[in-house]
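# Below: sequence and its predicted model.
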Amino acid sequence: MSEDARDSLPHFVSPEPWEPAWREVPSPAQLRYYQAPHWRLVWWRFRRHRLAVLSGAVLLALYLSILVSEILAPYALDTRHSDFIHAPPQALHLFQDGHFVGPFVYGFDYRLEMSNLQRIYTENPARVEAVQFFCHGDRYRFWGLAEGDIHLLCPAEGGTLFLLGTDRLGRDLLSRLVYGTRVSLTIGLIGVTLSFALGISIGGFAGYYGGWVDTLTQRAIEIIRSFPELPLWLALSAALPVTWSPLLVYFGITLILGLLDWTGHARAVRSKFLALREEEFVQAALLMGASPARIVFRHMLPNFASHLIASATLSIPAMILGETALSFLGLGLRAPIASWGVLLNEALNINVVVLYPWLMLPVLPVLVTVLAFNFLGDGLRDAADPYQ
Amino acid sequence: MLNYTIRRLLLMIPTLVAVSIIVFIIIRLPPGDYLSTSIAELEAQGEAADPQKIAFLRQAYGLDLPAWQQYLNWAGGLLHGDLGYSFAYNLPVDDIIGDRLGLTVLLSVSTIAFTWIVAFPIGLYAATHQHSLGDYGLSLVGLIGLAMPNFLAALVLLYLANTLFGISIGGLMDDRFIGQPWSWPKLGSVLAHLWIPVIIIGTAGTAGMVRRLRANLLDELRKPYVTTARAKGLAPLRVLVKYPLRMALNPFVADLGMLLPQVISGSAIISVVMSLPTTGPLLLEALRSQDMYLAGSMLMFLAFLTVIGVFLSDLALAALDPRIRLGGGIGR
C-alpha cells in the first residue's frame, strides 16, 4: 500500500461519545410519542376519529344543556296556552320586506273551521314579533331550588314563540323537549352506571374465583338472557305501584333498565379476567405478595378499563330507546314528568301523523343522541387499544 | 355431536324451571290480585261486591293458597299444556291465545328470514366496495334504522302504506278473515299485511347484522391466503365465495340466539302500535289488569321461544365449527 493511498483515506475519530444506536436516536416528536402515558395515547388515537369527536361534542353540549334547562326553555314546563291548542311550529325569520330585523316570527291568526271544528292557524305577515334574548318570562324554580324568570329566548310582548308548535293542551313543545332532555339523558347514564357496577363486581367475582362460583354466575346470566327484553321490562314496570311519586317511578324505571343490562358487562369482565389471570405480570404481582384487591384494581382492571368504557357507551342508547318505548306504551314515566318517551306518547295516535306531524319531533333528539352514542362508542372502542 | 345435543337439551330443563319461577315472581309482584282490583273498580262505580261470591271466586282460582302451591299448580299445568285461566276473559288461556301464538311465531320467523335475506347481499356489497359511496350510504341507512324508535317508524310507514298503496291500517289480515278458518285467500291477506311489521321489526337487526358481516368479511379479505388465491388467477367471485365468505358466515348462525329475543321484543311493541293479533297487545293488557295467568303463560311462551332459538343456534354453530363443540365444556 503506497503513501498516497493512505493519505486519500484520512484517519478520523469523532469527538462525540460513542452511541451504539445512533441510527435510532428518536426525534423529539417520536420521543413524545414513545414516552406518552397510556391515556394520552388513547386520546391521540381517539382524536383521529373525527365523527366520534364530533359526537362527543354534541353529547357534551346536550348534557351541559340539562344543567340550565329552565333558562334554555322559552316557557315553563306546564304553561298552557288555551288559545293556541295544536298550533303548528312558527318559522324563524330574519328579513322583513328586504330589511334586516333580526330573528322574529309572524304572529298567528286563529280561525275555527266550522265544518269539521278544526283549528286553523295562519301566519299574519303584518304581525312581526321579534324574539327577545335574556329576558324575563315564565317563573320557574331552578332545579326545584331557587326562583327565577330569566330565559335565553322569550316571545315578544303579547306575542308567541312556538318554534316547534304546541300540543293538545297548548304547551310549547320546544320547552317540553328541553325539559325532557334532562330526564331522558340521565336515565341512560344512571342505568348504565348501575349495570356497570353490577357487571364488574359479578363478572369480576366469577372470573377471579372461577370454579363453581363461575359456573353458577354463567347459568344465572344465561337464564336472564333467555328473556326477551321488552316484555320483561313491561312486566316489571307494570309492577311499579301506581301510588308512587313521579320521582320514585323514575328511579324504578332506571333500576329496571339497569338491572337487566349487566349480563353483557359481566360476561366481558369475566372472560378478560380469566385470560389475564394467567399473564406473567399478574403472577409476578402475586409472588411479590400483592393482595387480591390490589392485583384486581391496580394491575388487571386498568388493562381493560378502556374496553369497558367503550362497551358501556354503546349500551346507553339501548336504555334511552327502552325508556322511550316504555313511556310510549304508557308503562314507563308518567305525565307530570316530561321525557322524550312521554312526549312521543302523544303521537301514539295515527291521527297525529296526519294532522299534527310536529308532535313527532321529539324523535329527532332521540335519533341524534342514539347515533352520537354509537359513533362515540365506536371511536372509544378503536382507541381503547392504541398499540396496534 | 349427539352427546353435545343431549347435554344441551338436558341443560334446557333447569333453565326453563328457573325461567318459570322468575316469571311467576314477576307476575305476582304488583300488590293485590285481579279480584281485589276488580272489587275496587266495582266499588268505585258505586256497586257493592258480594263478599260471598268473592270468597268463592278466590277459592275457585286458588288465590287463597300459599304462593308456592299456586306456582306448583300453574307450572304443573304448563307441563301438560294447561296454561291456566284468564280472569278478565273468563276463558281458559289456551282459547284466547291459540291463534296468537301461531301468528307470533310466523311474524318472528319471517322477520328473521327478512333479516338474513337483506343483510347478506348488503353486507357482501359493503365489504367488497369498502369506502365507496354505496358503502357509506348503506351504513347511514342502517344506522338510522338502528337509532329510530321502531314504534314511530311503524306509525309513519302505516300512514304511507295506507295513502300510497291503500292497505288497511293495522291488523295482520283483512277484517273479513278474522275468526275464519285458515284458507288460501286468508293466507294471502296475512302475507299482504305482514311485510310492514316485518320490515320495521327487522331493520334494527339487519343493521347490526350488516355491520358484523362487513367487519368479519373485511378481516378475512385482508388475509394472505386471499392474496395467494388472487395471484394464482382465481376468478374474483370464486375468491370471495370459496373461503372468506364461509368464514364470515358464523355471525349469521351465532346471532340467531341474540336476534330472537330482539325480534320478539320488537314485535311486542310494534304489535301494540299496529294492533296486530300477536301476543304483544294481549300481554300488555294482561299486565295492566293483573290477569296473572294470562300474562305469565305468555311471558313463559316468549321465553320458551327464546330458549329454543338459542338451542338451535348453538346446535347449528356446533355443526358448522367443531372447535366450539369441543371447547364447550371448558367455558374459556
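Thanks, I have it. Numbers count the residues shown, from 1 in each chain, chains lettered A, B, ... in the order given.

# Nearest to chain A: which residue in the stretch 201-332 of chain B?
residue B:265 (3.5 Å; C-beta to the nearest C-beta). Where you see a C-beta, it was placed from the backbone N, CA and C, and this is true even at glycine.

# what does the stretch 101-250 of chain B give?
Across the stretch 101-250 of chain B, no residue is closer to chain A than residue B:147, which sits at 3.8 Å (C-beta to the nearest C-beta).

# Give the buried residues for the helix or strand containing residue A:148.
Here residue A:148 sits within strand A:146-154, counting by DSSP states H and E. The neighbour-count check on strand A:146-154 (16 or more other C-beta atoms under 10 Å in any protein chain shown) flags A:148, A:151-154 as buried.

# Any stretches of chain A with poor pLDDT?
A:1-9, A:19-24, A:386-388 (pLDDT under 70).

# which helix is the longest one in it?
Using DSSP state H, we find that the single longest helix of chain A is helix A:173-209.

# in that one, what counts as buried?
In helix A:173-209, the ones that count as buried by 16+ other C-beta under 10 Å are A:173-185, A:187-188, A:190-192, A:194-196, A:198-200, A:202-208.

# And for stretch A:325-333, what's in contact with it?
A:183, A:230, A:233-234, A:237-238, A:246, A:249-250, A:253, A:323, A:334, A:339-342, A:344-345, A:348, B:149, B:151, B:269, B:272, B:284, B:287-288 (C-beta atoms under 8 Å, 6 or more residues apart in numbering or on different chains).

# From these, keep the buried residues only.
A:183, A:230, A:233-234, A:237-238, A:249-250, A:253, A:323, A:334, A:339-342, A:344-345, A:348, B:149, B:151, B:269, B:272, B:284, B:287-288.

# got a pLDDT number for the residue of the stretch 101-250 of chain B closest to chain A?
The model reports residue B:147 with a pLDDT of 80.

# How about the contacts made by it?
Neighbouring residues of residue B:147 by C-beta under 8 Å, 6+ apart: A:317, A:366-367, A:370-371, A:374.

# For stretch B:144-164, measure first residue to last.
23 Å (C-alpha to C-alpha, to the nearest Å).

# ugh, typo on my part, it should be stretch A:160-180
Rule used - C-alpha to C-alpha; the end-to-end distance of stretch A:160-180 is 21 Å.

# Next, work out how far apart the nearest residue to residue A:73 once chain neighbours are set aside and chain B are.
Sequence neighbours aside, residue A:175 is the residue nearest to residue A:73 in space, at 3.8 Å (criterion: C-beta to C-beta, 6 or more residues apart in numbering or on different chains). Separation of residue A:175 from chain B (C-beta to the nearest C-beta, to the nearest Å): 21 Å.

# that older thread, so what's the residue of the stretch 201-332 of chain B closest to chain A up against?
Contact partners of residue B:265, counting by C-beta under 8 Å, 6+ apart, are A:228-231.

# Put together TSV for these, with distance to chain B and secondary structure on each row.
Output for the contacts of residue B:265, formatted as TSV (distance: C-beta to the nearest C-beta, whole Å; DSSP: H, G, I helix; E, B strand; the rest coil):
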residue	distance to chain B	secondary structure
A:228	4	coil
A:229	5	helix
A:230	3	helix
A:231	5	helix
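
# which of those residues has the most neighbours?
residue A:231 (27 neighbours; other C-beta atoms under 10 Å in any protein chain shown).

# correct me, but it touches residue B:264?
Yes - counting by C-beta atoms under 8 Å, residue B:264 is a contact partner of residue A:231 at 7.2 Å.

# what do those two both touch?
When contacts are counted by C-beta under 8 Å, 6+ apart, residue A:231 and residue B:264 have residue B:302 as shared neighbours.

# Check chain A for its longest strand and report it.
Secondary structure of chain A per DSSP state E: the longest strand is strand A:99-113.

# Just checking the distance from that one to the centre of its chain.
Its chain's C-alpha centre and that of strand A:99-113 lie 35 Å apart, by C-alpha atoms, centre = their mean, to the nearest Å.

# Can you tell me the SS state at residue B:43?
helix (DSSP: H, G, I helix; E, B strand; the rest coil).

# which parts of the stretch 101-250 of chain B sit against chain A?
Within the stretch 101-250 of chain B, the positions near chain A by C-beta under 8 Å from any C-beta of the partner chain are B:143-144, B:146-149, B:151-152, B:155-156, B:158-159, B:169.
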